[in-house]
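Asker: from the sequence below, what's the structure:
(chains A and B)
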Protein chains: 2
Amino acid sequence: MKRKGILIVVSGFSGTGKGTLMKELVRTYDNYALSVSMTTRKPRPGEEEGKEYFFVSEEEFIKKVREDGLVEYANYCGNFYGTPREYVERQLEKGKDVILEIEIQGALKVREKFPTALLMFVMPPNAAELKKRLEGRGTESEAVIAERISRAAVEAEGIEKYDFLVINDNLEECTARMHALVQAAHSMPVRNPELIDEMRRQLEALR
Amino acid sequence: MKRKGILIVVSGFSGTGKGTLMKELVRTYDNYALSVSMTTRKPRPGEEEGKEYFFVSEEEFIKKVREDGLVEYANYCGNFYGTPREYVERQLEKGKDVILEIEIQGALKVREKFPTALLMFVMPPNAAELKKRLEGRGTESEAVIAERISRAAVEAEGIEKYDFLVINDNLEECTARMHALVQAAHSMPVRNPELIDEMRRQLEALR
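Answerer: Numbers count the residues shown, from 1 in each chain, chains lettered A, B, ... in the order given. Just a heads-up that it's a prediction; the model follows:
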């Protein structure tokens, strides 16, 4: 029986290293596809169009929303972020586990549309480490860092809505743990309705 | 922070090899404790008192129920089965993951009392394999086998209530998979309230 792909939503405080983690996951294991979001925020130094994000104008973004071309979208720190639908659906049909890196508002909207989506929350080992990473990035002003810490405190209120918690202490170990969690998610009854139906049919036939 | 033990409930059709699987899990990995049930059913050849079960009379069983000394109990195929409470609670406090092998009625009762219990359902690769294993055991009459197949069909109706499905195709692989699923369960927010509270406190302190 062909295994269906899981839609994996990864959230976590800004500065937790989610992006690096996701790239490592895709690089290390087969079967993952990384969804690229569309955003109206300006590129950071080193970010490439179509790699980290599709960078678009607010006008273009709104057009996509009107066409129902996004799985979800949200406004975060004054910018729009959204997930193009077509790529996600095509990869899931192929059996790929598709990763979306989005924040909590978007994560909950995705679960409404895809009830079998898997929601994972990435946390730093502790809050001081988070602050250090945000400062170390060197691309954000103090005001922006303060805003992100504030935002993290708000996002932390939603952690219980996620299926799994992942502590990003060590890139390699954390990648392996995330992969194991995705495999575990594949073993949940909700993602195996055909397998269960088949067993029921066989048992009825033996009675 | 000390990791709390998980109460693991393992169910599965009779003849799925749950017992062997649980013993292999305890033998292969640290941190598991196997709960021994109390039953009024007669011992099968080779079964030892206090190892597979505590074999008691119906009178003794009812006395234990009256003392509130069982986590759960149920009647299955005309016999009583129950889980002595004291052992389970002592092991969980020590941080052990405690395994109970019980059928679905009992599993659901355990979840009511222990909302963070982990429910796992073990299935054979297919129903024909199940029948073969029941027949191969050689200790049961044809009528009992037919009853167990019937019972399996009824139990299959409850599979969606379990957290994880485990296909017992190969003892070694299945044991490793079960262990990975327990580790995944340890990464669920519901089993980490202290870790989440601590992160929230730290973030508030940084604002």
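
Asker: contacts for the lowest-mean-pLDDT helix or strand in chain A?
Answerer: Lowest by mean pLDDT, DSSP states H and E among the helices and strands of chain A is helix A:127-137, with a mean of 82. With Cβ atoms under 8 Å, 6 or more residues apart in numbering or on different chains as the test, helix A:127-137 has contacts from A:13-17, A:124, A:140, A:145, A:148-149, A:152, B:199, B:202-203, B:205-206. In this view, the C-beta of every residue, glycine as well, is placed from N, C-alpha and C.

Asker: so who does the closest residue to A:Arg85 other than its chain neighbours touch?
Answerer: Leaving aside its chain neighbours, A:Arg85 sits nearest to A:Val71 (4.9 Å; criterion: Cβ to Cβ, 6 or more residues apart in numbering or on different chains). Residues near A:Val71 by Cβ under 8 Å, 6+ apart: A:Gly82, A:Thr83, A:Pro84, A:Arg85, A:Val88, A:Leu100, A:Val110, A:Lys113, A:Phe114.

Asker: do a quick rundown of the helices in chain A.
Answerer: For chain A, the helices defined by DSSP state H occupy A:18-28, A:58-66, A:85-93, A:104-113, A:127-137, A:142-156, A:171-186, A:193-206.

Asker: turn the ones you listed into a markdown table, columns for distance to B:Met38.
Answerer: Putting the helices of chain A into a markdown table (distance: least, Cβ to Cβ, whole Å) gives the following:
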| stretch | distance to B:Met38 |
| --- | --- |
| helix A:18-28 | 46 |
| helix A:58-66 | 61 |
| helix A:85-93 | 47 |
| helix A:104-113 | 42 |
| helix A:127-137 | 48 |
| helix A:142-156 | 44 |
| helix A:171-186 | 32 |
| helix A:193-206 | 29 |
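
Asker: can you list the ones you listed in a markdown table and add mean neighbour count?
Answerer: Formatted as a markdown table, those follow (neighbours: other Cβ atoms under 10 Å in any protein chain shown):
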| stretch | mean neighbour count |
| --- | --- |
| helix A:18-28 | 17 |
| helix A:58-66 | 13 |
| helix A:85-93 | 15 |
| helix A:104-113 | 18 |
| helix A:127-137 | 17 |
| helix A:142-156 | 16 |
| helix A:171-186 | 18 |
| helix A:193-206 | 15 |
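
Asker: among those helices, show the one with the smallest mean pLDDT.
Answerer: When these are ranked by mean pLDDT, helix A:127-137 comes last with a mean of 82.

Asker: helix B:193-206 and that one, what's the angle between them?
Answerer: In terms of direction (axes from the mean of the first three to the mean of the last three Cα atoms, to 10 degrees), helix A:127-137 departs from helix B:193-206 by 50 degrees.

Asker: please write out the alpha-carbon positions of helix A:127-137 in PDB.
Answerer: Provided in PDB are the C-alpha atoms of helix A:127-137 (Å, rounded to 0.1, in the frame of the first residue of the first chain):
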ATOM      1  CA  ALA A 127      15.300  31.600  26.500                       C
ATOM      2  CA  ALA A 128      18.800  33.200  27.100                       C
ATOM      3  CA  GLU A 129      20.100  31.100  24.200                       C
ATOM      4  CA  LEU A 130      17.300  32.400  22.100                       C
ATOM      5  CA  LYS A 131      18.300  36.000  22.800                       C
ATOM      6  CA  LYS A 132      21.900  35.300  22.200                       C
ATOM      7  CA  ARG A 133      21.100  33.800  18.800                       C
ATOM      8  CA  LEU A 134      18.900  36.700  17.800                       C
ATOM      9  CA  GLU A 135      21.700  39.200  18.800                       C
ATOM     10  CA  GLY A 136      24.400  37.000  17.100                       C
ATOM     11  CA  ARG A 137      22.500  37.100  13.800                       C
END
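
Asker: distance from the chain centre to that helix, please.
Answerer: Averaging C-alpha positions (Cα atoms, centre = their mean, to the nearest Å) puts helix A:127-137 21 Å from its chain's average.

Asker: got the angle between that helix and helix A:142-156?
Answerer: 140 degrees.

Asker: would you agree A:Val56 is in contact with A:Met38?
Answerer: Yes - counting by Cβ atoms under 8 Å, A:Val56 sits close enough to A:Met38 to count as a contact (5.6 Å).

Asker: out of these two, which sits in the more crowded spot?
Answerer: When neighbours are counted by other Cβ atoms under 10 Å in any protein chain shown, A:Val56 and A:Met38 differ, and A:Met38 comes out ahead with 20 against 17.

Asker: how about that one, nearest residue that isn't a chain neighbour?
Answerer: A:Phe54 (4.5 Å).

Asker: contacting residues around the one you found?
Answerer: A:Val36, A:Ser37, A:Met38, A:Thr39, A:Pro84.

Asker: Serialize the residues you listed to CSV and add fields for pLDDT and distance to A:Lys23.
Answerer: Putting these into CSV (pLDDT from 0 to 100; distance: Cβ to Cβ, whole Å) gives the following:
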residue, pLDDT, distance to A:Lys23
A:Val36, 89, 12
A:Ser37, 89, 14
A:Met38, 94, 19
A:Thr39, 95, 17
A:Pro84, 93, 19
